[in-house]
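**Student:** My questions concern the predicted model and sequence given below.
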Amino acid sequence: MKKYALYPGCVMPTEQYAYEISIREILPKLDVELVDIKGFSCCGEPIKSVNQMITLALSARNIALAEKEGLDLFSPCPICHLALTDCKRILDKDPEMNQRVNNFLNDEDLNYNGTSEILSILDLLHDTIGVEKIKEKVKKPFKDLKTAVHYGCHLIRPSEVGRPDDSENPQKIENILKAIGAKPEYYSEKLDCCGALLNANLPESALTKTGQKLKSVQEQGFNVFIDTCPWCHRQYDSKQQKAGETVAAKLDIPVVYLTQLIGVSFGIPMDKLGFDLNLSPVDKLKLGGK
Amino acid sequence: MSIIDLTSMGESQTEIRREINERLTKLQDEISDYCYQCAKCTSGCEAHKLLELEPHKIVALLKRGLIDEMVNSDIIWTCMSCFKCRERCPQKVAPVEILFALKNMAVASGKQIPGNYTVWLQSVLSTGLLQDVKSVSTSDNKTKTRSDLGLPEISKPLDPSKFQTMLSKLAVEKV
Amino acid sequence: MSQKIGVFVCHCGINIASTVDVKVLVDYAKTLDGVVVSKDYKYMCSDVGANLIKDSIKKHKLDGVVIACCSPRMHEHTFRGVVESGGVNAFNLEIANIREQCSWAHVDKIKATEKAKALVRGAVSKAKLLEPLATSKIKVTHAALVIGGGIAGIQSALDLAEEGNKVYLVEKNPSIGGRMAQLDKTFPTLDCSGCILTPKMMEVANHPNIELLTYSEVVGVEGSIGNYTVRVRKKARFVNLDKCTGCGDCMEACRMKGHVTSEFDEGIGKRSAIYMPFPQAIPLKCVIDKDSCLMLTRGKCGAGPLCVDACEANAIDFKQKDKEIELNVGAIVVATGYDLLDPDRLFEYGYQVSDDVITTMQMERLISTSGPTAGEILCPSNGEKPKSITYILCVGSRDENECTWCCRIGCMSSLKHVYLLKEKLGDDVEINICYTDIRSYGKGYEEFYRKIRGMNTNFFRGRPSEVRKMGDNLTIDLFDTTTNKLFEIKTDLVVLVPALVPRADADELSRTLRISQSSDGFLLEAHPKLRPMDTFTGGIFIAGCCQAPKDIQDSVAQASGAAARAANILSKKELESEPLISCVEEELCSGCSTCISVCAYNAIELKQEKDGKTHAKVNEALCMGCGACVASCPSGAMQQRGFKDKQIRPMIEETI
């Protein structure tokens, strides 16, 4: 059993519950134990525009909390994952920054040591657990599920700081989807942004970005849209209707977390995977069995 | 000897430009000087078509030291941090990081922070998170809370006052 | 060992004299032990200076000379000649550098003069211990090897052959011609590439002094300047060259016809397993690709190989084997050319996503009448004529993530294409050029650019971020900095202009030849300005794009230059070897072989004497005098002539 501290971020534990539910459901079946640590806070990435020092310190304190327990961190939200990874990169390379940030952490009796690794959902599922092992657990593989994969921005860019997959031709989610029987297909908007971070000051524009991408995906005849980020999912799933109104289109496409889809292929009943929380038309998928 | 931009009658703010370049180097990003204005960043900018952000122009203005006009603008707040500009720049310049620097400068100089940033900041201060736990509606119009769904209690800073002390000190800290 | 030393101090105009007090220096030198005469002159390197030295040698019967002047890199060679003709052994000369290392480095006249005194003092003490040395003669093999049969290799080979030298031209492809053979027209004159190339190819084929070795590769090189032994592997063609008439019936009949990707067509055309490289190939003979031939890979081809049936000359021979031969040459010219960057490195430009995203070289093949579409411009995806073609320049060039350099030919190639495409598709065809800079630097280039500007070409100054395939179109968003507007370009065919990169086997070749590569992987020239065809290895020269990207005229110029450099060696009966090389003091040598392990030139071997003792022995013909063995020797047995420990130590002590 591999053990990781689950770093939940902000959006997943306060509103995108389906992601957390499906993660907690499938990972034990893949021999991964998630440990809940007290004391976490926001990673700081969404407020980087205000003061990047705050972001660095917030990320560092969260890593420090996991280090205290001697655990590596698993961060399912790609935005948090980028924040934590970049913080680690800077503090490991720059002793002056390391000192400065640790001075702030001392207020809470915390210290960043650089002893914990930080894993994303792809690092965990694809690289650590492995596609073969996931395939072994599949009881109900899909048939004819034309899948549009949305990687989002923070999972694959900027490649300079080290991201879990290639920035121009990422394939890890496709690999997993093929193992569970889905049929991921290429579409030209694959690497486009959902616009979520504009919710800070330009929410209409965020919805426009969301709507534009979904509209094209729908027009290209995809059966389902897969994502791995709570911010993206909130746009594409929870706000699908509003997004449609913003771009004057009737959006009607199922949007599902990768972990939810994996769970269905494992034979886990849908009500144990948070499907009642998806606001997009997931029953169109006829995934069967409650 | 002087160079004056006749449109804004602004002189080059070389000190601040140097500061920003130092900040970029510190965070191991490339400085703006190497940009040769190919505009690949703007051609692919996710915020350009919708909001008219021109990352290459931001870099050009920084090279000229015309920083105030950017810090005082609304355009710098249109970036959605998709990182495509940084990813694809052939000279490794990172307009997205330059924009973060300009936004941080705007905040530090007392400009009004647009939109929800203040709300988010307040929430982080008081609860440690961007927002507090919400009740959500299901597809069949039921309302569920986190505990309804069987999820464990949410993780928050153990000592809020220590946490807040740290944050208040950070608020005035510059990279 | 010198007993009577003359010291000659040069003023070098004011270069030395304004900072070092030369008169004081001359007087000081007279006081040094072993110095019998000391003189100064304004320009010691002039005729007057030379005569001054020679007269002094005669008058005072000198047996050693110290010249205090500029860096030995400047005039040591000249001065050696002067003292030799004055009657002193050329290697009983020591130069004290009082310019680059003294007058040019300091401003304080008093201190500089003191330093100059110290330098002269040290030089005199070394000069007393120098031994007369003789250069040995190396016989020169009067033959040259040219590696690479593109235009640069062809030019070098012809120049060398015309001088009367025997030339081996080794080309790894089945035909010579290189990149030029793939082109349709050349810029800026729009000459037909084949028409200007084939006469040269024919000259090579017919020249009595040139031995053409095609479908062959250099696999090993031993020796040094004037005497190289080269092993060449002649790959099996499986076609008998004496019998093959080049009729081409075999390739029409071949079972694999239309199934094998053609390298000559840059991957957008197909060929058979047995094929003629191109219609004007030299030699005009077919060759079988052993990796795609059914007979050679599976041992059977249907009921029987169809090529054998079709061949009236009975020229096919599946039993042929690779053959290795040895060539002896005096000089080598490397002209192995370039490759294009794989466009997949910039995945965002859609090369993998759409068949209608091609490279400039692939477009050359479409334009070419001998290409896969017989010169018709057709979209690879649907075989239709494009109404709109968009060029993206600098794909992977000037890019810190890929190739930092400029490819030099991308801009002009694209402009050339505009002309040819408008000629073929009509003036109405929309051609878009997305550029960052237009580099039209050569003779006639700027005028050509003007011509293309006047041809209704859409120039966009900006670089696209992506090429998207949306339905049937290719769509490109492009910010044009001239108008500050974002344009959405819907186009039928996208042509990427990729960076020029060294050949994939450049690393291996440089190891085989023991020449260096620059950090970009191209072959390294000895000096970028003054010795652009030389390498640091004596007797080996480089020409064309293997050294750095360039256009055809610069390749030809460099090729002729390299040939002249090689001819310098081949025109001599003998070369004088540098005597400042290693030598072994055999009593001190224990045969530990440390020196052998550090020698980059394989110039040292272990010799066993009659009494069983082993010691190192230096092959004087191969030793380059780099000194690595001297530094590595734990016992001090290995010494470098002219820089022996017993000569350097007193010099150090005296100088300080």
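**Tutor:** Perfect, thanks for sending it.
**Student:** Next one: the closest residue to chain B within the stretch 101-250 of chain A from B:Arg88, what distance?
**Tutor:** Chain B sits closest to A:Asn201 of the stretch 101-250 of chain A, with a gap of 2.8 Å, by Cβ to the nearest Cβ. Every C-beta, even on glycine, is put in place using the N, C-alpha and C of the backbone. Per Cβ to Cβ, to the nearest Å, A:Asn201 is found 25 Å from B:Arg88.
**Student:** Which one of the two is surrounded by more residues?
**Tutor:** The residue with more neighbours, out of A:Asn201 and B:Arg88, is B:Arg88; 24 against 17, by other Cβ atoms under 10 Å in any protein chain shown.
**Student:** wait, isn't the residue of the stretch 101-250 of chain A closest to chain B in contact with B:Cys79?
**Tutor:** No. Using Cβ atoms under 8 Å, A:Asn201 makes no contact with B:Cys79, being 10.6 Å away.
**Student:** where in chain A is pLDDT low?
**Tutor:** A:287-290 (pLDDT under 70).
**Student:** where's the residue nearest in space to the middle of it relative to C:Ala253, distance?
**Tutor:** For chain A, the residue nearest the mean C-alpha position is A:Cys229 (3.1 Å; Cα atoms, centre = their mean). Counting by Cβ to Cβ, the separation of A:Cys229 from C:Ala253 is 59 Å.
**Student:** Just give the nearest non-adjacent residue to whichever residue of the stretch 401-550 of chain C sits closest to chain A, would you?
**Tutor:** Residue of the stretch 401-550 of chain C nearest chain A, by Cβ to the nearest Cβ: C:Arg468 (4.1 Å). Distances taken as Cβ to Cβ, 6 or more residues apart in numbering or on different chains place A:Ser188 nearest to C:Arg468, at 4.1 Å, with adjacent residues excluded.
**Student:** With A:Asp165 instead?
**Tutor:** In this structure, A:Asp165 finds its nearest non-sequential neighbour in A:Lys172, 4.7 Å apart by Cβ to Cβ, 6+ apart.
**Student:** What segments of the stretch 251-400 of chain C are helices?
**Tutor:** In the stretch 251-400 of chain C, the segments counted as helices under DSSP state H, counting those that start in this stretch are C:294-298, C:306-310, C:360-367.
**Student:** Pick the most buried one from those.
**Tutor:** Among the helices of the stretch 251-400 of chain C, judged by mean count of other Cβ atoms under 10 Å in any protein chain shown, the one packed with the most neighbours on average is helix C:360-367 (a mean of 23).
**Student:** re the thing from before, and the residue nearest to the centre of chain A, how close does it get to C:Leu513?
**Tutor:** Taking Cβ to Cβ as the measure, A:Cys229 falls 53 Å from C:Leu513.
**Student:** Could I get the full set of strands for the chain?
**Tutor:** Using chain A. A:2-6, A:32-35, A:72-74, A:118-119, A:146-149, A:183-184, A:224-227, A:255-257 (DSSP state E).
**Student:** my bad, the chain I had in mind was chain B
**Tutor:** For chain B, the strands defined by DSSP E occupy B:4-5, B:10-11, B:136-137, B:143-144.
**Student:** Please work out which of those is packed deepest.
**Tutor:** Comparing these on average neighbours, where mean count of other Cβ under 10 Å defines a contact, strand B:136-137 leads with a mean of 17.
**Student:** Report the mean confidence score over it.
**Tutor:** The pLDDT scores in strand B:136-137 average 94.
**Student:** picking up where we left off before, surely the residue nearest to the centre of chain A is in contact with A:Pro78?
**Tutor:** Yes. Using Cβ under 8 Å, A:Cys229 is in contact with A:Pro78, at 4.8 Å.
**Student:** what touches both of these two?
**Tutor:** A:Gly152, A:His154, A:Leu155 (Cβ atoms under 8 Å, 6 or more residues apart in numbering or on different chains).
**Student:** Pipe the residues you listed into TSV and attach distance to chain B and neighbour count per row.
**Tutor:** Shown next, in TSV, are the shared contacts of A:Cys229 and A:Pro78 (distance: Cβ to the nearest Cβ, whole Å; neighbours: other Cβ atoms under 10 Å in any protein chain shown):
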residue	distance to chain B	neighbour count
A:Gly152	9	23
A:His154	8	27
A:Leu155	11	26
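**Student:** which of the residues you listed lies closest to A:Val101?
**Tutor:** Lowest distance from A:Val101 to these (Cβ to Cβ) belongs to A:His154, with 21.1 Å.
**Student:** quick one: contacts for the closest one?
**Tutor:** Contact partners of A:His154, counting by Cβ under 8 Å, 6+ apart, are A:Glu45, A:Pro78, A:Ile79, A:His81, A:Leu82, A:Cys229, B:Ser81, B:Phe83.
**Student:** hmm, which of the residues you listed are the buried ones?
**Tutor:** A:Glu45, A:Pro78, A:Ile79, A:His81, A:Leu82, A:Cys229, B:Ser81, B:Phe83 (16 or more other Cβ atoms under 10 Å in any protein chain shown).
**Student:** now, which of those residues sits nearest A:Asn113?
**Tutor:** Nearest to A:Asn113 out of the buried ones among the contacts of A:His154 is A:His81 (Cβ to Cβ; 19.4 Å).
**Student:** so the closest one makes contact with A:Ile156?
**Tutor:** No. Assessed by Cβ under 8 Å, A:His81 is found out of contact with A:Ile156, at 10.9 Å.
**Student:** intersection of neighbour lists for those two?
**Tutor:** Listed as contacting both A:His81 and A:Ile156 by Cβ under 8 Å, 6+ apart are A:Pro164.
**Student:** Wait, C:Glu222 touches C:Asn619, no?
**Tutor:** No. If you go by Cβ under 8 Å, C:Glu222 and C:Asn619 don't touch, sitting 10.7 Å apart.
**Student:** how deep is the nearest residue to A:Asp237 once chain neighbours are set aside tucked in, by neighbour count?
**Tutor:** The spatially closest residue to A:Asp237, leaving aside those adjacent along the chain, is A:Val255, at 4.0 Å (Cβ to Cβ, 6+ apart). Look at A:Val255: counted by other Cβ under 10 Å, it has 26 neighbours.
**Student:** these two touch, right, B:Gly128 and A:Ser41?
**Tutor:** Yes. If you go by Cβ under 8 Å, B:Gly128 and A:Ser41 touch, sitting 3.8 Å apart.
**Student:** intersection of neighbour lists for the two?
**Tutor:** B:Lys156, B:Pro157, B:Phe163.
**Student:** now, which of these lie within helices?
**Tutor:** Of the shared contacts of B:Gly128 and A:Ser41, the ones assigned to helices by DSSP state H are B:Phe163.
**Student:** Could you give the number of residues near B:Lys92?
**Tutor:** 15.
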